[in-house]
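> Prediction below, plus the sequence it came from.
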Amino acid sequence: MRRWLGPLVVLLVCAAAVHLAVLRFAPGLIMTRAMDTLAARGVVLHRFTAPLRVTPQTQSVVRSSPDLYYALCRYDLRNPGTRVTVRMGAWPDYQSLSFFDARTVNFATLRGRGEAVAVRLLPPGSASEAGAIVSPTVKGVILVRRLAPDAARFAAAAEAGKADQCRLEWKDRVAAPGQG
């Protein structure tokens, strides 16, 4: 039994190291792949894009709910002095505005039942400001969800989504849509 003790300890240490490495690096790899997939599907930087209604044929990144309307905005705050201004238009039922960092962490969620919500997203290390959220990473995804359980409500949610805004600002200047 004693001669197995050394190899068993080495095996346990290696297993623990692999486990910790997976926990440390997998979220970033998953989010990088998700961001690349979103870009390939036409989700541009700094502008909300509403994908098709969720069906088993259209979902590819996550297990999305067919009862919800989704709009996605990829953001990149790499350049100094940039921030993203986000506005979620009014919707009479459940809606949320969620922020995900480059490691898949949902670092902020705002609700807006019946009213519009506006917020600024600041780069990591920024001083906190009223009406602003500081992102823990320079890249990530902003997600709007609205309850839309049938085709008619989905169409209405898509119409309400026209009021959603995700805009890059640089030193008090707004970038043109699709820029940055």
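Here it is on my side, so go on.
> For this protein, which segments count as helices?
Applying DSSP state H to the chain gives helices spanning 2-40, 151-160.
> mean pLDDT lowest for which of those helices?
Least confident of the helices of the chain, judged by mean pLDDT, is helix 2-40 with a mean of 75.
> Which residues are in contact with the most centrally placed residue in the chain?
Nearest residue to the geometric centre of the chain (C-alpha atoms, centre = their mean): Val141, 2.5 Å. Counting by C-beta atoms under 8 Å, 6 or more residues apart in numbering, Val141 touches 31, 34-35, 38, 72-75, 99-100. Bear in mind the C-beta positions are built from the backbone N, C-alpha and C, glycine included.
> who touches the residue nearest to Arg87 when sequence neighbours are not counted in this structure?
Nearest non-adjacent residue to Arg87, counting by C-beta to C-beta, 6 or more residues apart in numbering: Gln165, 4.1 Å away. By C-beta under 8 Å, 6+ apart, Gln165 lies in contact with 48, 85-87.
> is it true that Ile133 touches Thr109?
No - using C-beta atoms under 8 Å, Ile133 is not in contact with Thr109, being 10.2 Å away.
> mind checking the end-to-end distance for stretch 91-107?
Terminal residues of stretch 91-107 lie 23 Å apart, using C-alpha to C-alpha, to the nearest Å.
> can you count the residues close to the residue lying closest to Asp67 once chain neighbours are set aside?
Among residues not flanking Asp67 along the chain, Pro149 sits closest, at 4.5 Å (C-beta to C-beta, 6+ apart). When counting by other C-beta atoms under 10 Å, one arrives at 13 neighbours for Pro149.
> Arg113 versus Ala163, what's the distance?
Remark: distance between Ala163 and Arg113 (C-beta to C-beta, to the nearest Å) = 15 Å.
> so how far is stretch 100-115 from its chain's centroid?
8 Å (C-alpha atoms, centre = their mean, to the nearest Å).
> same deal with stretch 41-51?
Mean-position distance between stretch 41-51 and its chain equals 11 Å (C-alpha atoms, centre = their mean).
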